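In: Sequence below, structure please.
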Amino acid sequence: MNISALQLTSFLLAALLSCTSFSQEMYKYKDSNGKWVFSDKRPAETAEVESLDYKETKKSLPKPRIYTQQQDGWHYLIADNPFHAPVEFRVLSSAFESGTHTYIAPSTKQEIIHKSRADIPPFRYGWQLGDPATQEVNYLYKSPVSSRTTHKITQSFKGAFSHTDAANLYAVDIAMPVGTYISAAREGTVIWTKDDYHMSGKTGYFLDKANYIQILHDDGTYAVYAHLLLGSAKVQPGDKVKVGDILARSGSSGYSTGPHLHFVVRKNAGLTTASIPFRFVDQNGTPFIPQRGMKLAGVADSF
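Out: Take a look at the predicted model:
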């Protein structure tokens with residue numbers, strides 16, 4: 001039996017996705033100022049409109065797991081980490097006096113019990129994305145938005161609406177039109193992309209539905225870019241990205257009241273997901289702490 005609370009704190013990565021498919025029609029057109037607009041509602045009058053038909057087939061999300069295996073009369077207990085980032089497991093079983101913590105490297109399987117003649121006793125486990133030994137550096141993040149305009153920060157650190165739990169305490173919400181380019185604020189490796197959902201709402205049902213991209217940094221922290229537009233991801237797990245590389249387009253998927261980007265930097269704080277405070281750097285190289293009501297400039301040279 002899995003310890004689901006531990007998985008939920010890692011942005012609900014353990015949620016299983018049903019095997020269904022759907023198609024949603026989106027529209028791309030230029031407004032009166034000549035700017036491209038993405039919407040699920042067809043404009044009443046426009047000289048140029050393009051229909052974007054997003055088709056999606058849901059599939060099960062691979063997740064870290066621990067399982068038993070038998071071979072030639074021997075019994076094994078194996079930890080499997082399919083992510084492009086390290087994972088920490090905690091296993092509770094009578095086979096271990098007080099449980100065991102196991103650190104598994106990215107894309108790795110490891111034997112926790114090797115060649116036992118006896119059956120593996122019942123066990124349960126939890127897992128956490130990231131290395132518990134992570135020591136974050138004081139990194140200055142570039143704007144995660146690629147556009148030639150500014151975008152309002154509608155919720156910042158310790159925001160009362162949804163930035164109250166440890167995993168989101170130091171998150172930033174940046175409002176922007178649907179379809180705005182989202183770019184990497186720091187270089188790293190893509191851990192995972194979720195790119196399969198088109199709706200949004202404020203009930204608990206939507207908590208694990210947001211589309212997102214996770215990127216692992218060289219100090220062991222990782223960034224989450226969330227509420228992305230269905231079908232817009234430009235990267236895949238394992239890809240290396242540089243600052244300014246286009247990741248996807250903005251949307252309002254999952255637990256959301258309107259189109260925006262939810263940006264947060266996290267680490268494994270010992271089988272617990274913790275967000276960490278960070279600073280952006282503006283186009284003049286000046287660092288600043290993001291605050292509600294600020295206007296964040298886009299990175300115009302990223303596309």
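
In: Next, the contact list for residue 148, please.
Out: 298, 300 (C-beta atoms under 8 Å, 6 or more residues apart in numbering). Every C-beta, even on glycine, is put in place using the N, C-alpha and C of the backbone.

In: now it: how far from residue 229?
Out: With the distance defined as C-beta to C-beta, to the nearest Å, residue 148 ends up 19 Å from residue 229.

In: Please apply the same query to residue 256.
Out: Counting by C-beta to C-beta - residue 256 and residue 229 are separated by 12 Å.

In: Also residue 187?
Out: Shown here: residue 187 relative to residue 229, a distance of 23 Å by C-beta to C-beta.

In: repeat for residue 163
Out: Distance, residue 163 to residue 229, by C-beta to C-beta: 22 Å.

In: ok, now residue 185?
Out: From residue 185 over to residue 229 (counting by C-beta to C-beta), the distance is 18 Å.

In: what's the answer for residue 277, then?
Out: 28 Å.

In: And the strands in the stretch 201-303 of the chain?
Out: 212-216, 222-226, 240-241, 246-249, 254-255, 260-268, 273-275, 279-281, 287-288, 295-297 (DSSP state E, counting those that start in this stretch).

In: Count the neighbours of residue 86 for me.
Out: 23 (other C-beta atoms under 10 Å).

In: ok, and the closest non-adjacent residue to it?
Out: Take residue 86 and drop its neighbours on the chain: the residue closest to it by C-beta to C-beta, 6 or more residues apart in numbering is residue 131, 4.6 Å away.

In: Now do the same contact list for the one you found.
Out: By C-beta under 8 Å, 6+ apart, the contact set of residue 131 is 86, 88, 103, 220, 268.

In: Could you do residue 160 as well?
Out: Not one residue lies near residue 160 by C-beta under 8 Å, 6+ apart.

In: quick one: the residue nearest to residue 251 when sequence neighbours are not counted from residue 249, how far?
Out: Distances taken as C-beta to C-beta, 6+ apart place residue 229 nearest to residue 251, at 3.3 Å, with adjacent residues excluded. Using C-beta to C-beta, residue 229 is found at 4 Å from residue 249.

In: For stretch 98-110, the averaged confidence score.
Out: For stretch 98-110, mean pLDDT is 90.

In: how does this protein divide into domains?
Out: 21-57, 65-129, 140-302 (automatic domain parsing).

In: Looking at those, which one is packed in the most?
Out: domain 140-302 (a mean of 19; mean count of other C-beta atoms under 10 Å).
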